[in-house]
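Colleague: Fold the following.
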Amino acid sequence: MSADPAAQPSPGPDVVRHLYVHVPFCPTICPYCDFHVLTRRAGLVERYLERLEAEAAALAATYRVELDTVYLGGGTPSFLRDAELEALVGSVRRHLGWGRLENTLEVNPGTVTPERSAHWQALGFDRASVGVQSLDDATLTFLGRQHDAQQAREAVRTLIGTGLRVSGDLITAVPGQPLESDIQGLLDLGVGHVSAYTLTIEPGTEFARRGVTVEEEDERRGFEQTEALLSARGLTRYEISNYARPGQESRHNLAYWQGRTYLGLGPGAAGHYPALDERQRTGGILTVRRTNPHLHEWLTGEAGTAESIDAPEFVTDALFMGLRLRAGVNLGSLSRRSGLDVAGVYAAPIEANVARGLLALDGEQLRATPEGWWVLNRVITDFLEVEVPRQDTPGSGSPG
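Modeller: Okay, the predicted model is just below:
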């Protein structure tokens, strides 16, 4: 692992350096998907683009924005037609700028051609996150994917040939999946980053309605086998589900895991914003998490939900996200950002989980062990149970 791939500029508390844009349109809905997605209908994309422009302008008028990263997720952003994606990128650039360090487009293999790949690069994308999921046709059929293994291979080769950095998504713990072949095949294509997610059956999905289940022993086997196979080929697990060659880590996703602020643009998009209201700040609020409504409500300008984050919640959120990282969380830095003495306030759960072998503490650096990663929700519950005296002001915290 490079010296500190998680290191990023530390902006002032009110500067937002990261933008997530949600594109909800998909050609079909996968049976395991529980994201806000829908198929396109006449006129709907046009209305989406108009509303997106207005929302981008409103964000620009409200926050200090100096973007380091932009991430277009979905949905299937690459499902947008060339002119539609041009319009979307144009709106972002006009009002918010563009990422200085990294700009990612989520890509479905079935949407890739050499011409489109070159067009995406010309628009300013330098990284593609490709929904490969598997390189086995039977597994892809089970997952309801519309592409086959050959299309996935060709898509990755084309994107790399265009000069884009490529991350490949894999789903593990699928019944009958040849995981070793999937991983070896993906690495042979030359990707520098792999995101490997366990198949999860979420309520309300088609898989849930069918009664599909995932056995815990299959989850654990996939969890361990993935790391063994990828590390043998030079990729380091820098986050629970993400592996990279040195310098290929996702800078945008690192912002989430490091508890940075970011804008959320589009229907269903979530954002983590600086607290700008003086009454909030004097009341101990450090940041605000906002989630936009789904498409039809969002198109009418309806406001989403907002949650004010005080120091204790900021700390537990930062621990939950930061302990996903191999590097873990620096307690001194988190104390300065939150205004709480984290090592002191949370001494009991830290000591208890270190004794259980779930956490390791080296100076001020707290990290989860491999066993701790496996039961991270349980570990964080111990921190949530600590009663923290409420402060009248957020102290010297600067959470940006």
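Colleague: Would you mark the buried spots in stretch 85-102?
Modeller: Going by neighbour count (16 or more other Cβ atoms under 10 Å), the buried part of stretch 85-102 is 85, 87-89, 91-92, 95-96, 99, 102. Quick note: C-beta positions are derived from backbone N, CA and C, even for glycine.
Colleague: same question, stretch 30-47
Modeller: Across stretch 30-47, burial judged by 16+ other Cβ under 10 Å covers 30-33, 36-37, 40, 44-45.
Colleague: for stretch 166-179, same thing?
Modeller: For stretch 166-179, a neighbour-count test (16+ other Cβ under 10 Å) marks 166-174, 177, 179 as buried.
Colleague: Could you list the low-pLDDT ranges of the chain?
Modeller: For the chain, applying pLDDT under 70 flags the ranges 1-13, 34, 281-282, 390-398, 400.
Colleague: Quickly list the domain ranges of it.
Modeller: The record, using automatic domain parsing to delimit domains, assigns the chain the ranges 15-255, 311-384.
Colleague: quick one: the helices in the stretch 151-300 of the chain?
Modeller: Under the criterion DSSP state H, counting those that start in this stretch, the stretch 151-300 of the chain contains helices at 179-188, 206-210, 216-232, 251-257, 278-282, 295-299.
Colleague: Could you find the closest non-adjacent residue to residue 337?
Modeller: residue 399 (4.8 Å; Cβ to Cβ, 6 or more residues apart in numbering).
Colleague: Correct me if wrong: that neighbour contacts residue 338.
Modeller: Yes. At 6.8 Å, residue 399 and residue 338 qualify as touching, with contact defined as Cβ atoms under 8 Å.
Colleague: ok, back up a step: output the buried residues of stretch 30-47 as CSV; include the columns distance to residue 51 and secondary structure.
Modeller: Formatted as CSV, these follow (distance: Cβ to Cβ, whole Å; DSSP: H, G, I helix; E, B strand; the rest coil):
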residue, distance to residue 51, secondary structure
30, 25, coil
31, 29, coil
32, 28, coil
33, 23, coil
36, 14, coil
37, 17, coil
40, 15, coil
44, 11, helix
45, 11, helix
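Colleague: Out of these, which comes closest to residue 15?
Modeller: residue 36 (28.0 Å; Cβ to Cβ).
Colleague: Now for the closest one: which residues touch it?
Modeller: Residue 36 makes contacts with 22, 24, 75, 267-268, 294-295, as judged by Cβ atoms under 8 Å, 6 or more residues apart in numbering.
Colleague: what about it, distance to residue 297?
Modeller: Distance from residue 36 to residue 297, counting by Cβ to Cβ, to the nearest Å: 11 Å.
Colleague: same check, this time on residue 116
Modeller: 32 Å.
Colleague: just residue 41 next, same as before
Modeller: Per Cβ to Cβ, residue 41 is found 16 Å from residue 297.
Colleague: Also residue 98?
Modeller: 28 Å.
Colleague: Equivalent analysis for residue 265, please.
Modeller: Taken as Cβ to Cβ, the span from residue 265 to residue 297 is 16 Å.
Colleague: The two: which has the busier surroundings?
Modeller: Using other Cβ atoms under 10 Å as the criterion, residue 265 and residue 297 rank with residue 265 on top: 25 against 14.
Colleague: which residues touch that one?
Modeller: 19-22, 52, 55-56, 59, 92, 271.
Colleague: Now flag whichever of those residues is closest to residue 112.
Modeller: For the contacts of residue 265, the nearest to residue 112 is residue 21 (19.6 Å; Cβ to Cβ).
Colleague: Just the buried positions in the one helix or strand residue 117 maps to, please.
Modeller: Here residue 117, judged by DSSP states H and E, is contained in helix 114-123. The neighbour-count check on helix 114-123 (16+ other Cβ under 10 Å) flags 116-117, 120-121, 123 as buried.
Colleague: Can you lay out those residues as a markdown table showing distance to residue 216?
Modeller: Converted to a markdown table, the buried residues of helix 114-123 look like this (distance: Cβ to Cβ, whole Å):
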| residue | distance to residue 216 |
| --- | --- |
| 116 | 41 |
| 117 | 39 |
| 120 | 39 |
| 121 | 42 |
| 123 | 43 |
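Colleague: Let me know the closest of those to residue 229.
Modeller: residue 117 (27.5 Å).
Colleague: Run through the residues that contact that closest one.
Modeller: Residues in contact with residue 117 (Cβ under 8 Å, 6+ apart) are 128, 158-159, 161-162, 164.
Colleague: so how far is residue 118 from the residue lying closest to it once chain neighbours are set aside?
Modeller: Spatial nearest neighbour of residue 117, chain neighbours left out: residue 162 (4.2 Å); criterion: Cβ to Cβ, 6+ apart. In this view, residue 162 and residue 118 are 6 Å apart by Cβ to Cβ.
Colleague: same question, residue 37
Modeller: Per Cβ to Cβ, residue 37 is found 27 Å from residue 118.
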